[in-house]
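Trainee: Fold the following and give me the result.
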Amino acid sequence: MTKLRKTSKTKLHDETLNSGSGQTILNPDANENKARSVTDLRESGQVAGAPASEEDKRVRQAFVDKDWNEIKIADSWQIFKVMAEFVDGFEKMAKIGPCVSIFGSARTKSDNKYYIMAEEIAAKLVRHGYGVITGGGPGIMEAGNKGAHSEGGKSVGLNIQLPFEQFNNIYIDSDKLINFDYFFVRKVMFVKYAQGFIVMPGGFGTLDELFEAITLIQTKKIGAFPIVLVGREYWGGLMEWVDNVMLKMESNISPEDLDLVHIVDDPSEAVKIIDDFYSKYLLSPNF
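Mentor: Model (predicted):
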């Protein structure tokens, strides 16, 4: 008779009972020689002696078993770092009043048409009574803060520490710059304290922020605040794929989900969608 038993180390033992002698014969465990640290890997010859890159270390670390003491020291204390970021963010963001989040690439240059459009949209939003929230970095984020700052409006920057690209721009109000280590905490602030979303062309981070907002609205976790994509040339192909493949071919979303997103090419049109949303509910910014 063969039994599989899972131990606390998540190792599988194949026990074969010798019915003749009554003795248990324990077969060799395939995981018994598994390295438990990067040092073990080096000593076992599985890793070359040359220093590993930071990326290699991060990947290998995911395969290293941790004992309870390591978990308690490292992972448990990390909870308090996350809590501290939430508390700091909540305390500062709760005072800003109605704002619109502007998403977009950190790599966009100041002479790019989308940088110029983002700056104009932010300035118009401030003139219409809204504050502006951005990721606090360069590119489109800088343009958003610059436009808000030029009109004397509230200019909020949710900066994230990254090994490249990201550094806070100079157009953020000094009391409204918040630095984060964790992307997920930062995304909560983007969504929780915004009454609308302007999405300029950007990369994977922008797509992440866009679909996070869409998902929360689709699942009714937040109100159906307007989401405006700026640049038909940039966003048209993506939304065409969403319509043709995600909706019509695979039925992974509902037809009404497409109504959650607007695509425009004109800054005034983008701001009008925000205004129309509030006028429909007889609401207006309160500062």
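Trainee: Next one: W241 from L247, what distance?
Mentor: 10 Å (C-beta to C-beta, to the nearest Å). Any C-beta I mention is one placed from the backbone N, CA and C, and that applies to glycine too.
Trainee: With L177 instead?
Mentor: Relative to L247, and taking C-beta to C-beta, L177 is found at 40 Å.
Trainee: What of E212?
Mentor: 20 Å.
Trainee: Could you check which of W241 and L247 has the larger neighbour count?
Mentor: Shown here are W241 and L247; by other C-beta atoms under 10 Å, L247 has more neighbours (16 against 12).
Trainee: quick one, what contacts the closest residue to that one other than its chain neighbours?
Mentor: Leaving aside its sequence neighbours, L247 sits nearest to I253 (C-beta to C-beta, 6 or more residues apart in numbering; 5.3 Å). Residues near I253 by C-beta atoms under 8 Å, 6 or more residues apart in numbering: Q218, V242, M246, L247.
Trainee: In JSON lines: these, plus secondary structure.
Mentor: Formatted as JSON lines, the contacts of I253 follow (DSSP: H, G, I helix; E, B strand; the rest coil):
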{"residue": "Q218", "secondary structure": "helix"}
{"residue": "V242", "secondary structure": "helix"}
{"residue": "M246", "secondary structure": "helix"}
{"residue": "L247", "secondary structure": "helix"}
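Trainee: of those, closest to H262?
Mentor: V242 (13.6 Å; C-beta to C-beta).
Trainee: Which residue ranges of the stretch 51-200 of the chain form helices?
Mentor: 54-61, 68-70, 76-93, 113-127, 140-150, 183-192 (DSSP state H, counting those that start in this stretch).
Trainee: shouldn't G196 be in contact with K272?
Mentor: No. Here G196 does not reach K272: they are 11.6 Å apart, not a contact under C-beta atoms under 8 Å.
Trainee: The two - which one has more neighbours?
Mentor: Neighbours per residue, other C-beta under 10 Å: of G196 and K272, the larger number sits with G196, 23 against 16.
Trainee: what about that one, distance to K92?
Mentor: Taking C-beta to C-beta, one finds G196 at 20 Å from K92.
Trainee: What is the burial count for the residue lying closest to P138 once chain neighbours are set aside?
Mentor: Residue nearest to P138 in three dimensions, not counting chain neighbours: A106, with 5.3 Å by C-beta to C-beta, 6+ apart. Neighbour count of A106, defined by other C-beta under 10 Å: 23.
Trainee: same question, the one 10 residues further on
Mentor: Counted with other C-beta under 10 Å, the neighbours of I116 add up to 15.
Trainee: Contacts only, for it.
Mentor: I116 touches A143, counting by C-beta under 8 Å, 6+ apart.
Trainee: next one: V264
Mentor: Neighbouring residues of V264 by C-beta under 8 Å, 6+ apart: V228, L229, V230, R232, A270, I273.
Trainee: do the same with T108
Mentor: Contacts of T108 by C-beta under 8 Å, 6+ apart are Y114, Y115, A118, G139, I140, A143, M200, P201, G202.
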